[in-house]
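[1] How does the following fold in three dimensions:
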Amino acid sequence: MTPPCIPPELMRANSPCFLPALGLVNVLGNNPKEVASRLLAGDSTGIWAEEGWLPGKTALLGKVHSPLPQVPKAFPQYASRCHRLLLAAYMQIEQAVCEALERYGKSRVGIVLGTSNSGIAEGESAIEAHRRSGRLPEGYHYSQQELGAPALFLAGYLGLGGPAYVVSTACTSSAKALVSARSLLEHGLCDAVITGGVDALCKLTVNGFEALELLSSSLCNPMSRHRNGINIGEGAALFLMTRENLPGGAEVLFYGAGESSDAYHMSAPHPEGLGAQLALQAALEDAGFPAKEVDYLNMHATATPKNDATESLAIHRLFPEGLCVSGTKPMTGHLLGAAGATEVGLCWLALQEGEGLLPPHLWDGEEDAQLPKLNLVKKGDTFARKTNRLCLSSSFAFGGNNACLLIGDAR
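    Presented below is the predicted three-dimensional model:
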């Protein structure tokens, strides 16, 4: 079928898209209001010491302990914790999705998700069962752990006929999924896209970061001179993205995106933060806003020595006059493939839910003299203005794979 004619003004590379609905699940809560309440209060109590993930020791993780919906029996090949997290987020935007389906039809609604693990935890359990008994457990399907499974599951669950695929670029996966979703809208391939990310905890990732000596045994401490690593978490974040807003939808716009790939090292960022700066600058250029217009930046801020150093350098060069910044991973854990969409979601909440409050930066207050001084948000800090606010969110991944997104009030 030939796509409908798209007005020229909607085909510009920097055309803003609407984000009328958001679903969130992570250790801060099971819906946007719960997450906003604990986020803006600076609540880090969801990061717990968990046993059974690392040999002979506990790991400080952001595991979701609240009940999750079950995958319907009609989809046994997709029965995984990852998809239960995904369903929990989807159910929060279901009404908006149904309105989009009614308006546009099932062939005009797409799905683009990010993940780094998918259902690999189910694969780990299957391998362990095979090691003990010589056979895979009943009910195990390889499809549970395929990287493309989250999009295929959700498309099948909803009976959609539009594009459905997954982006997997480590910690930028879901940020890049949002960029890809916008591209589907701009090129007239979809009228609405369900987009975001999901990752569930698995031993492969926890032990992998432990092997890289990147896990912290205490609450992560971004931008501190004592920072020593990350806490891994799990969760899902889903947006409905549209070219036009839906009745009653949130007045939040996706204004711009910037991507770069400095390819400096397999796991370390460029020491001067050049890739990070390129991505931040590209997002501003894509949106058509100068740096001084940005009100708040949600940093990637993993609390690893190299990431925080390079990111702070990039921010200082691009925003020499300073802007409000914070790293929110001490409250959510690092959600890996779901981190980018989740942290864009936290910006969305700051614009929509918190009476102007900004997400605080939790740390020990011990500055690193080797880093440029940043304007780190304290509890109770607010946006300097009440309208026309803009928020950036940065995500950086292994291999120098960078993505920065700019959202804000409708103007």
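[2] any idea which helix or strand carries Cys82?
    If you go by DSSP states H and E, Cys82 is part of helix 81-104.
[3] what ranges do the strands span in the stretch 201-350 of the chain?
    235-242, 252-261, 296-298, 324-326 (DSSP state E, counting those that start in this stretch).
[4] Same list (these) but as JSON lines, adding distance to Cys171 and mean pLDDT.
    Any C-beta I mention is one placed from the backbone N, CA and C, and that applies to glycine too. Shown next, in JSON lines, are the strands of the stretch 201-350 of the chain (distance: least, CB to CB, whole Å; pLDDT from 0 to 100):
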{"stretch": "strand 235-242", "distance to Cys171": "14", "mean pLDDT": "98"}
{"stretch": "strand 252-261", "distance to Cys171": "14", "mean pLDDT": "96"}
{"stretch": "strand 296-298", "distance to Cys171": "14", "mean pLDDT": "98"}
{"stretch": "strand 324-326", "distance to Cys171": "18", "mean pLDDT": "98"}
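[5] winner for burial among the ones you listed?
    Ranked by mean neighbour count, these are led by strand 235-242 with a mean of 30 (mean count of other CB atoms under 10 Å).
[6] Tell me the neighbouring strands of it, and mark each as parallel or antiparallel.
    strand 17-25 (antiparallel), strand 192-199 (antiparallel) (DSSP bridges).
[7] Tell me which of those strands lies nearest to Leu351.
    strand 17-25 (9.7 Å; CB to CB).
[8] Show the contacting residues for Gly340.
    114, 171-178, 197, 393, 395, 403, 405 (CB atoms under 8 Å, 6 or more residues apart in numbering).
[9] Hmm, I typed the wrong one, I wanted Thr304.
    Thr304 neighbours (CB under 8 Å, 6+ apart): Leu214, Arg227, Asn228, Gly229, Ile230.
[10] Identify, from these, the entry nearest to Pro69.
    Distances from Pro69 to those, taken by CB to CB, are shortest for Ile230, at 28.3 Å.
[11] neighbours around that closest one, how many?
    24 (other CB atoms under 10 Å).
[12] What's opposite Gly196 in the beta bridge?
    Beta-bridge partners, per DSSP bridges, of Gly196: Leu113, Leu238.
[13] isn't it right up against Thr115?
    No - shown here, Gly196 and Thr115 do not form a contact pair, counting by CB atoms under 8 Å, at 10.0 Å.
[14] Give me the more crowded residue out of these two.
    Gly196 (34 against 28).
[15] hang on, the earlier thing: would you mind finding the most buried of the strands paired with strand 235-242?
    Of these, the one with the most neighbours on average (mean count of other CB under 10 Å) is strand 192-199, at a mean of 32.
[16] okay, the angle between that one and strand 252-261?
    Calculated by axes from the mean of the first three to the mean of the last three CA atoms, to 10 degrees, strand 192-199 forms an angle of 60 degrees with strand 252-261.
[17] ok so, going back, of the contacts of Gly340, which belong to helices?
    Ser173, Ser174, Ala175, Lys176, Ala177, Leu178 (DSSP state H).
[18] thinking again about what came up before, can you list the strands paired with strand 235-242 in JSON lines and add mean pLDDT and distance to Leu323?
    JSON lines is the format used below for the strands paired with strand 235-242 (pLDDT from 0 to 100; distance: least, CB to CB, whole Å):
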{"stretch": "strand 17-25", "mean pLDDT": "98", "distance to Leu323": "21"}
{"stretch": "strand 192-199", "mean pLDDT": "98", "distance to Leu323": "25"}
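[19] Nearest to Ser107, out of the ones you listed?
    strand 192-199 (11.4 Å).
[20] for the closest one, the distance to its chain's centre please.
    A distance of 9 Å separates the centroid of the chain from that of strand 192-199, by CA atoms, centre = their mean, to the nearest Å.
[21] and it with helix 81-104, angle?
    Using the same axes, to 10 degrees: strand 192-199 against helix 81-104 is 170 degrees.
[22] what residues are shared contacts of Gly196 and Thr115?
    Ser174, Ala338.
[23] can you map out the helices along this protein?
    So, for the chain - with DSSP H - the helices run 32-40, 81-104, 120-133, 149-158, 173-186, 203-211, 274-287, 305-318, 329-332, 339-352.
[24] low-confidence ranges in this protein?
    Residue ranges of the chain with pLDDT under 70: 1-14, 266-267.
[25] hmm, try it at 80
    Under the criterion pLDDT under 80, the flagged ranges of the chain are 1-14, 263-271, 354, 399-400.
[26] how's it carved up into domains?
    16-242, 252-409 (automatic domain parsing).
[27] How many neighbouring residues does Lys57 have?
    Other residues close to Lys57 by other CB under 10 Å number 11.
[28] Next: Glu366.
    Around Glu366 there are 11 residues (other CB under 10 Å).
[29] got the contact list for it?
    By CB under 8 Å, 6+ apart, Glu366 lies in contact with Ser224, Arg225, His226.
[30] Over to Asn207?
    Here Asn207 is in contact with Trp53, Leu54 (criterion: CB under 8 Å, 6+ apart).
[31] Leaving out sequence neighbours, find the closest residue to Arg81.
    Leaving out its chain neighbours, the residue that sits closest to Arg81 by CB to CB, 6 or more residues apart in numbering is Ala200, at 4.3 Å.
[32] ok, the one you found touching Cys82?
    Yes - with contacts counted by CB under 8 Å, Ala200 reaches Cys82, the gap being 4.3 Å.
[33] any residues in contact with both of those two?
    By the contact definition CB under 8 Å, 6+ apart, Ala200 and Cys82 are jointly contacted by Asn117, Gly119, Ala121.
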